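>>> Predicted model, plus sequence, below.
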Amino acid sequence: MWQFIKRHRRKLFIISLLTGGGYAVFRFINGKLSTMLNDQDKMLTEWKKQLYYEHNRDTSLRTSTDIFAQVVLNINRRFQCENILARLSTISDSTEKRELWEQLRVECFARLFTFAYSSSFVLALTELVVSALSGRLYSQSYLQHLSSREHHATTAAGGISATSKSSHAESTQDHSSLLSRDVQLACLDVIRYTTDAGMNSLIDDVRKATQSILSRIPLQQMLDINDIMWYCSEIRHQIEKKRYQSFNNHHPLLKYVRSISLPIRSTQPATTTTSAYSFSNPITTTSSLTTKRIHSPSSVYNVQEQFEVECIEMIE
């Protein structure tokens with residue numbers, strides 16, 4: 001044996017060198033291919049997330065536009081700017097005209113602030129609702145995809161028994177119930193309250209704050225842009241005067257997006273992350289927002305509790 005190795009040592013050395021080099025090259029290429037495939041999967045995942053996010057954003061904007069159109073009509077109906085202007089053209093008494101001008105100033109400023117707040121509320125809530133529902137739809141689609149793969153794997157292994165068929169049907173039924181009607185109605189209730197009772201409360205508070213601030217300014221006083229910005233900040237501070245105070249552990253703006261009849265928590269809500277996935281928009285029309293229901297589903301409070309932190313962060 002030793003003589004054989006001694007005679008063929010060059011051949012054995014070359015064979016060993018080639019074998020070791022080939023194995024090293026194989027490991028190197030395999031590692032590079034694995035890295036490339038992982039990077040490709042990550043890029044594909046990020047691209048899908050970006051695609052879902054853009055679709056979700058477009059859906060939210062379209063839905064917000066439809067909802068805000070009705071909100072604008074309600075706001076214009078509550079403020080009497082056009083009626084005051086019409087009365088000004090028909091009244092000749094100077095004292096009464098002055099009172100109307102004072103009232104018109106308050107109404108115009110209050111309407112401007114209401115438009116600003118309401119647009120932020122509607123846009124933020126709509127995006128959060130669509131994100132939450134689309135996240136559930138994504139989870140449903142992913143689970144159904146896994147169930148379908150298991151179903152095909154069982155079929156390829158030799159057929160599906162009656163037990164596996166029934167379990168597959170139950171799994172599909174459970175997945176379809178992820179986006180239940182109660183969840184959809186709960187999300188609609190969040191927006192319905194904001195555009196109805198919450199909006200009326202916002203209009204009253206904005207009007208009171210505007211009246212208290214503008215009553216200090218003479219009607220004849222000229223205002224520049226800095227004065228307007230300062231008075232606007234004062235009005236906002238008046239509306240959010242309890243911003244840094246603890247009032248039932250809630251931000252003061254939450255009373256416009258959440259019904260006070262819901263139970264109050266004793267602790268601050270935990271920060272949650274909204275999903276960026278989107279497949280469809282369950283809130284397709286604003287007509288469903290005007291429908292009245294006597295009782296709200298039990299999941300309304302849970303949905304609103306989930307949206308509290310995200311809504312305020314997006315509005316600010």
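That came in fine, so what should we check first?

>>> the helices in the stretch 51-200 of the chain, which residues?
Ranges of helices in the stretch 51-200 of the chain, per DSSP state H, counting those that start in this stretch, are 81-88, 94-158, 162-176, 181-195, 197-214.

>>> tell me the most buried of these?
helix 181-195 (a mean of 20; mean count of other C-beta atoms under 10 Å). Heads up, the C-betas are built off the backbone N, CA and C, glycines and all.

>>> hey, least reliable of the helices of the stretch 51-200 of the chain by pLDDT?
Among those, helix 162-176 carries the lowest mean pLDDT, a mean of 45.

>>> what's near enough to touch the nearest residue to Tyr117 once chain neighbours are set aside?
Closest residue to Tyr117 apart from its sequence neighbours, by C-beta to C-beta, 6 or more residues apart in numbering: Leu202 at 5.9 Å. Contacts for Leu202 (C-beta atoms under 8 Å, 6 or more residues apart in numbering) come out as 114, 117-118, 121, 256.

>>> how about a cut-off of 7 Å?
114, 117-118, 256 (C-beta atoms under 7 Å, 6 or more residues apart in numbering).

>>> Tabulate those residues in TSV, adding columns for distance to Gly21.
Output for the contacts of Leu202, formatted as TSV (distance: C-beta to C-beta, whole Å):
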residue	distance to Gly21
Thr114	77
Tyr117	71
Ser118	72
Tyr256	72
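
>>> re the thing from before, kindly present the helices of the stretch 51-200 of the chain as CSV, with separate columns for distance to Met36.
What follows is these, written out as CSV (distance: least, C-beta to C-beta, whole Å):
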stretch, distance to Met36
helix 81-88, 64
helix 94-158, 25
helix 162-176, 34
helix 181-195, 41
helix 197-214, 52
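
>>> To Ser60, which of those lies closest?
Closest to Ser60 of these is helix 94-158 (C-beta to C-beta; 4.1 Å).

>>> Which other helices and strands does the closest one contact?
Helices and strands touching helix 94-158, by 3 or more C-beta pairs under 7 Å, 6 or more residues apart in numbering; DSSP states H and E, are helix 9-78, helix 81-88, helix 162-176, helix 181-195, helix 197-214, helix 299-315.

>>> before we move on, back to that, and of the helices of the stretch 51-200 of the chain, who's closest to Gly22?
Nearest to Gly22, of all these, is helix 94-158, at 35.5 Å by C-beta to C-beta.

>>> and the closest one with helix 181-195, angle?
Interaxial angle, helix 94-158 versus helix 181-195 (axes from the mean of the first three to the mean of the last three C-alpha atoms, to 10 degrees): 160 degrees.

>>> Now do the phi/psi pair for Glu240.
phi -110, psi 40 (degrees, to the nearest 10).

>>> Look up how far Arg27 lies from Gly21.
For Gly21, the distance to Arg27 (C-beta to C-beta, to the nearest Å) stands at 11 Å.

>>> Good, we can wrap up now.
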